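S.K.: mind looking at a prediction? Sequence and model below.
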Amino acid sequence: MSDEKGLLHKAYTIQSTDQARDFYQDWAETYDDEITSHGYLTPHRCAEALAQFAPDKSAPLLDFGCGTGLSALALHAAGFTTIDGSDLSPEMLKRAAKRQGLYRNLIETDVNNPFDFPVGAYQAIAAIGVIASSHAPATTIDAALAALPADGLFVFSLNDHTLQDPEFEARVAENLDTGMARLLFKEHGDHLPGYDLGSVVYVMQKA
């Protein structure tokens, strides 16, 4: 990975949720510029993958770990019209709120109960560039699926750095093997080409 001294590299050194909140508070001002300057493609890839399987793009969708709203831009471009965003960083949420017309609601994430809403409140959940060793743990996959209604869709990405930890793909396999979900889509592709970093995009459907 190039630019080893960049803020993206520093993100992989985060050890706790409190550290993550502080880190993204500090990064919020320059986050969009740094990420987009390195060709951030995962939001577009996730949005297009989800759009292939979503029967109603006006149904409520949760953009989990929404950050400054880059994911919502891609989701909106793919046709999704009712998007709520959640994030643990108030500063990131402030910047997401400036993207007029993208979000219905913005919610500060409760780290102890990140999916704090009735089961079925959202027909789809997106976790784009969020699930990682230093951010949202592998168990986020289980929690997101549990929060969906039957046939609800979950799109998420795991970057190459995260895939070095076998626990993440193990959680995917466990949910498939137990019949909790079906795998509709899996594809490796570019994540941040400027950093020579790829990611796998998954779309899972709750059984």
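M.R.: Structure received. Numbering: from 1, shown residues only.
S.K.: determine the longest strand present in the chain.
M.R.: Assignment by DSSP state E gives strand 181-192 as the longest strand of the chain.
S.K.: what helices and strands are in contact with that strand?
M.R.: helix 42-51, strand 153-159, helix 166-177, strand 197-206 (3 or more C-beta pairs under 8 Å, 6 or more residues apart in numbering; DSSP states H and E). (C-beta placed from N, C-alpha, C; glycine too.)
S.K.: tell me the strands beside that strand, with direction?
M.R.: strand 197-206 (antiparallel) (DSSP bridges).
S.K.: contacts for the partner strand?
M.R.: Strand 197-206 has contacts (C-beta atoms under 8 Å, 6 or more residues apart in numbering) with 1, 42, 45-46, 49-50, 52-53, 129, 145, 148-161, 163, 172, 175-176, 180-191.
S.K.: cool, and stretch 178-190?
M.R.: 39, 41-42, 45, 49, 52-53, 142, 145, 153-154, 172, 174-176, 198-207.
S.K.: using PDB, write out every CA atom in that stretch.
M.R.: In PDB, the C-alpha atoms belonging to stretch 178-190 read as follows (Å, rounded to 0.1, in the frame of the first residue of the first chain):
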ATOM      1  CA  THR A 178     -26.600 -22.100   9.300                       C
ATOM      2  CA  GLY A 179     -29.200 -20.800   6.900                       C
ATOM      3  CA  MET A 180     -29.400 -17.400   8.400                       C
ATOM      4  CA  ALA A 181     -28.800 -15.800   5.000                       C
ATOM      5  CA  ARG A 182     -28.200 -16.500   1.300                       C
ATOM      6  CA  LEU A 183     -25.300 -15.100  -0.700                       C
ATOM      7  CA  LEU A 184     -26.500 -13.200  -3.700                       C
ATOM      8  CA  PHE A 185     -23.300 -11.500  -4.800                       C
ATOM      9  CA  LYS A 186     -19.600 -11.600  -4.000                       C
ATOM     10  CA  GLU A 187     -16.900  -9.800  -6.100                       C
ATOM     11  CA  HIS A 188     -13.400  -8.600  -5.500                       C
ATOM     12  CA  GLY A 189     -12.400  -5.400  -7.100                       C
ATOM     13  CA  ASP A 190     -10.800  -2.000  -6.600                       C
END
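S.K.: what's the mean pLDDT across that stretch?
M.R.: Averaged across stretch 178-190, the pLDDT comes to 98.
S.K.: how about the nearest residue to Gly85, chain neighbours excluded?
M.R.: Cys66 (3.3 Å; C-beta to C-beta, 6 or more residues apart in numbering).
S.K.: thought that neighbour was touching Ser89?
M.R.: No. Assessed by C-beta atoms under 8 Å, Cys66 is found out of contact with Ser89, at 9.7 Å.
S.K.: the bottom helix or strand of this structure by mean pLDDT?
M.R.: Lowest mean confidence among the helices and strands of the chain (mean pLDDT, DSSP states H and E): helix 7-11, at a mean of 52.
S.K.: PyMOL command to pick out the buried ones of the contacts of strand 197-206?
M.R.: Typed into PyMOL, the line below selects the buried ones among those, using 16 or more other C-beta atoms under 10 Å:
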select buried, resi 42+45+46+49+50+129+145+148+152+153+154+155+156+157+158+159+160+161+172+175+181+184+185+190+191
